[in-house]
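**Q** Sequence and predicted structure, then a few things I'm wondering about:
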Amino acid sequence: MPAYATNMRLKFPILALILEIITIILFAVFVVYDDGKGHGHNDHNATHHEEKPMDLYPMFQDVHVMIFIGFGFLMTFLKRYGFSSVGINLLLAAFGLQWGLLMQGLWHLDDGKIKVNIFKIINADFSTATVLISFGAVLGKTSPVQLLIMTILEITLFSINEHLVASVLKANDVGASMIIHAFGAYFGLAVARVLYRPGLRNGHENDGSVYHSDLFAMIGTVFLWMFWPSFNSAIAEPGYTQLMAVVNTYLSLAACVLSAYAVSSLVEHKGKLDMVHIQNATLAGGVAVGTCADMNIEPFGAMLIGLVAGIVSTLGFKFLTPILASNLGIQDTCGVHNLHGMPGVLGGLAGIVAVAMGKKEGGNPAMQAAALASSLGFALVGGVITGFIMKLPFWGQPPDQNCFDDSLYWEVPEDEEENEESLAQADHSKNKAEA
Amino acid sequence: MPAYATNMRLKFPILALILEIITIILFAVFVVYDDGKGHGHNDHNATHHEEKPMDLYPMFQDVHVMIFIGFGFLMTFLKRYGFSSVGINLLLAAFGLQWGLLMQGLWHLDDGKIKVNIFKIINADFSTATVLISFGAVLGKTSPVQLLIMTILEITLFSINEHLVASVLKANDVGASMIIHAFGAYFGLAVARVLYRPGLRNGHENDGSVYHSDLFAMIGTVFLWMFWPSFNSAIAEPGYTQLMAVVNTYLSLAACVLSAYAVSSLVEHKGKLDMVHIQNATLAGGVAVGTCADMNIEPFGAMLIGLVAGIVSTLGFKFLTPILASNLGIQDTCGVHNLHGMPGVLGGLAGIVAVAMGKKEGGNPAMQAAALASSLGFALVGGVITGFIMKLPFWGQPPDQNCFDDSLYWEVPEDEEENEESLAQADHSKNKAEA
Amino acid sequence: MPAYATNMRLKFPILALILEIITIILFAVFVVYDDGKGHGHNDHNATHHEEKPMDLYPMFQDVHVMIFIGFGFLMTFLKRYGFSSVGINLLLAAFGLQWGLLMQGLWHLDDGKIKVNIFKIINADFSTATVLISFGAVLGKTSPVQLLIMTILEITLFSINEHLVASVLKANDVGASMIIHAFGAYFGLAVARVLYRPGLRNGHENDGSVYHSDLFAMIGTVFLWMFWPSFNSAIAEPGYTQLMAVVNTYLSLAACVLSAYAVSSLVEHKGKLDMVHIQNATLAGGVAVGTCADMNIEPFGAMLIGLVAGIVSTLGFKFLTPILASNLGIQDTCGVHNLHGMPGVLGGLAGIVAVAMGKKEGGNPAMQAAALASSLGFALVGGVITGFIMKLPFWGQPPDQNCFDDSLYWEVPEDEEENEESLAQADHSKNKAEA
């Protein structure tokens, strides 16, 4: 790939500014503040409208932290890709929340307007989570321009599928195991498949962590882990249902930690723990309990879901990810299949079972199954199409040798480059060269 | 110690999974959601039951952050032990909160059931704090298996002492200076005494920080410092009493920062500040004001407590910790005696004085004194017994030379090991070896 | 400058302890808990008094995180100045909030007392923000003693100007674009001008970042970015006005990210992104929308403000900061002029326009303009005077060669010093010396 292709000088600023200006125009036409005087003739608005406008604000901030600190730092585990991880995460989420607010809002117009309130901005944040999950699958192998394009397409498709699941099928998915986690993961995996790079078959020297990058990643892990009860309960029915969603998620995550640690030690050399598992599989319990979070599955039921999710996720990292890469051409940088994909499907299946067992008033297991199928279908088809669009040659995709390297798209401080680069291999050669 | 002893391959996964499965069974038998229909015949449930089920949720999340980010990152100051600090912290707290919920709940059954609500999960988080404090005393010198055993025993004893203090003695300890901080510290010190390692008398090359590890630790410090008002007020009487607990803690911590910085500069070479003091002693004001936090001690009273705590804690780090190690055989890795032990006792004493001065309606200074004595007694006796159990030879305790080193229990990225290890000493020797 | 001048051994501890003791005495005389029984004859107390004493607590904690994590870590971008950035930030804010509570409270006495509640401690935290902004301008070039003196003087002047703006002029500045951001920035720039160091004209080897220090700084950036809606709405009228302030800030910040990224790429070599812009200019939208946050400017209006702020701020970093340093003798370490100065003035101007357009009931554009002029006037005059006081030779100001270096005021771990120092330049010379 020729060098100029990765020069972002014109294409990135122009795309970013045009998108933002279009968005502002759409906001000028469609978006107003919620002043509490809506007609509420809409299920979406009527059911979830908090009594006082700021009641959900603390939960919104927890979700906000998950999106910007949680996802952003979780991906800083790569030794030379921290700027992109946390920086591009901020870019995509900042654009995505605006786009999501529009796309989701169009289904719930009130007098022709989208009335913004805390509930709506929680959902806008949620919509960006799909993109950030998919970002994990293609991390290090895509340009900011490609990723902005993915953001528009994925959030648009997400909003259609969400509307289908919630308003047409009337399926339950309070913690979004299906419509966010499974959707985002399989969308990202489909994109990764289309963008398959044979040149990375044997790995890449920068596709790994250093000691401190693993600690930065743990900031992301722990904030995601702590605030996941807010993610799964933010849009639950207020009161005791919301409490149930909090308790289920809290306990599922706690149980998941034990099984993730146990299995990590079991499958690793000399029983050691593997940071990749700890950073990711400990969170699978939050994903898997999402659909059932507001169902009466009992505390021990939530813990069983978490226990299984931790096992499945850790085994996936150890055994499945390498197979996906070598046999199916799916190079999944962050292992989103193990953290979001399989646990998301597990969550959808658990939801079908729980609804069939009558754990949710008014639930319908067939609709739950349809919701899971719809989410997977939209993800795979949408991901493949998006992947082909992203593959067009003028979006500045990095050449193989520059993958997982911030310095292609960022000014990187010189001495540190020298530091990290030189330490392992170039130390004495440099000395020689300078001598 | 033979090499196989530290191989965790079977003993750790089996222990972790068995503990989790037993816990899930106990949850299936005992734990249900709080549905707001409890009989409330129980003081514990009646007094503190929030009016709306989610009212305490934001405070719970603050406490949650203190437990998982605060304690976890505070201990990352060691140069080669960050994975264990934040990772084992997550493991112990995730198991501990489940065990704590059971142990504390058994004293407050409602129709034979433990009804989980936000108040209960705050207390479950609290119970893990005792273990995390003790973990600080033995940091770097114990295996995950030993620490899981400590978690079970310590939380069980904590729950007995807490019940004694709160329900039998009816003593006040809203911010838990006595029942968490002093208890956790002296428990940990007793364990450390039993596990005394003469081989570490002259220090260990990894028992220290590097520049960036000290910055990671400051993440822990600052989150603990900021959210301490929530820790001390979360279970206070709602309304103006809770506000008083917030204000007292906010001001005590602010005053404590000034005295900790001042004394650090006073006792160090050329008046420089010492990161160990700043990371720890600035928090002593939160510990020491705990017992009195919901008493009418006036804002300046809270500040005086913070001022004294900052001085005592900093002097303890400088002068007492070395003496404890060399003369009493108590090797206190994080100096928990200075952050939790002495300030906790100070808090207990301040509580006796404040109650004697009539600052708390219905308080009884003799019961306060008995609560302090009980907490110290349970801690010391429990800690010694626990220490001897942990000393049994088959729990995988690390040999002296592998203390303070993640690589014994974790897969550690290779280049960074090389990086940190080689820089100071092995640089040219390596070059020679490769030449 | 002779060596003894920077020895803090006596002057720092004595100053810190005396200040704290004086503060405690003033608290003993003036400060009591708010017990909800105030007379409320005071506008300040009457308007903003929350109905339930803890209603504002979650917002307070968001602001608290911005002050201590946000500002503290934002400044850790310097390679060798992280201890000071986060540590001195903690010191100044801990003292500043006490001093601010007194200074602001004196204007709103109730029966001769300052009655502390959540509203008051939010404002106390706010008052420290001015100092932390000014700290950014002189970062790396001042001693802790100088900075404590700056804290007293700046917060005192801030409180006078705030009273003038809010109570005398009755101008609107809910998010404090004028009274905190513009004030803090121009105060700091005036101080920096007085403390001009010709010896740093050609830069300093430590006045830059390394890879991991830039990631630490992003922790600060992202926490500031996320919680800015709380900063701008915390003291807004509860209910829908507060919601409007949240929504405006949320959207302004999101739009600002897009324009900051676009312009950064546009002006940098090969279209790369510059961490300095990303860490700072992405926040300008929060500053600039501050004054208008609770005005009915419509969502797209907020986004336009954010869009412009991101452009102005990024261009400022690229083109204006070097000119200020070389032509005007204003060495602005963190570029506070670009993050707080120009966006703050922009916010003030936007406020004048919005009020003139009738977007705020009862607003008066002339009073808005007077508020902006007053804030700038107090800042510049106060900053110059404060600068001259700080320039007195006995406050331990660092010599030029020791600027931007923690080791002057902190015990710094040895091996890391070696690490960072030696890597770029001293590697083979050291090998030679040891050979």
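**A** Arrived safely.

**Q** quick one: is the host helix or strand of A:V287 near chain B?
**A** Taking DSSP states H and E as the criterion, the element that holds A:V287 is helix A:284-288. No - on the criterion CB under 8 Å from any CB of the partner chain, helix A:284-288 is out of touch with chain B, staying 9.7 Å away. Yep, even glycine has a C-beta here, placed from its N, CA and C like the rest.

**Q** list the helices and strands that helix packs on?
**A** helix A:211-233, helix A:240-267, helix A:299-315, helix A:342-356 (3 or more CB pairs under 8 Å, 6 or more residues apart in numbering or on different chains; DSSP states H and E).

**Q** Can you add mean pLDDT and give those helices back as JSON lines?
**A** Output for the helices and strands packed on helix A:284-288, formatted as JSON lines (pLDDT from 0 to 100):
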{"stretch": "helix A:211-233", "mean pLDDT": "98"}
{"stretch": "helix A:240-267", "mean pLDDT": "98"}
{"stretch": "helix A:299-315", "mean pLDDT": "98"}
{"stretch": "helix A:342-356", "mean pLDDT": "98"}
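
**Q** export those helices to TSV and tack on distance to C:M303 and mean neighbour count?
**A** Converted to TSV, these look like this (distance: least, CB to CB, whole Å; neighbours: other CB atoms under 10 Å in any protein chain shown):
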stretch	distance to C:M303	mean neighbour count
helix A:211-233	26	26
helix A:240-267	31	27
helix A:299-315	39	26
helix A:342-356	33	25
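
**Q** Ok, which of the ones you listed comes nearest B:A288?
**A** B:A288 lies closest, by CB to CB, to one member of the helices and strands packed on helix A:284-288: helix A:211-233, at 26.5 Å.

**Q** Next, A:D274: phi, psi?
**A** phi -110, psi 120 (degrees, to the nearest 10).

**Q** Which residue does chain A have closest to chain B?
**A** A:G271 (3.1 Å; CB to the nearest CB).

**Q** you'd agree that residue is up against B:N7?
**A** Yes - judged on CB atoms under 8 Å, A:G271 makes contact with B:N7 at a distance of 5.3 Å.

**Q** tell me which element the closest residue to A:I219 other than its chain neighbours is part of?
**A** In this structure, A:I219 finds its nearest non-sequential neighbour in A:F73, 4.4 Å apart by CB to CB, 6 or more residues apart in numbering or on different chains. For A:F73, the element it lies in under DSSP H and E is helix A:71-74.

**Q** what's next to that helix, contact-wise?
**A** A:85-86, A:89-90, A:93, A:129, A:132-133, A:135-136, A:216-217, A:219-221, A:223-224, A:279-280, A:334, C:218-219, C:222 (CB atoms under 8 Å, 6 or more residues apart in numbering or on different chains).

**Q** is any part of the helix or strand just after that helix close to chain C?
**A** Once helix A:71-74 ends, the next helix or strand along the chain (criterion: DSSP H and E) is helix A:82-105. Yes - for helix A:82-105, a contact with chain C is found by CB under 8 Å from any CB, at A:G82, A:F83, A:V86, A:G87, A:L90, A:L91, A:A94, A:F95, A:L97, A:Q98.

**Q** and the residue nearest to the spatial centre of chain A, what does it touch?
**A** In chain A, the residue lying closest to the centroid (CA atoms, centre = their mean) is A:I133, at 2.5 Å. Shown in contact with A:I133 (CB under 8 Å, 6+ apart): A:F71, A:I180, A:H181, A:G184, A:A185, A:F187, A:G188, A:V336, A:H340.

**Q** Give me the secondary structure label for it.
**A** The three-state label for A:I133, taken from DSSP: H, G, I helix; E, B strand; the rest coil, comes out as helix.
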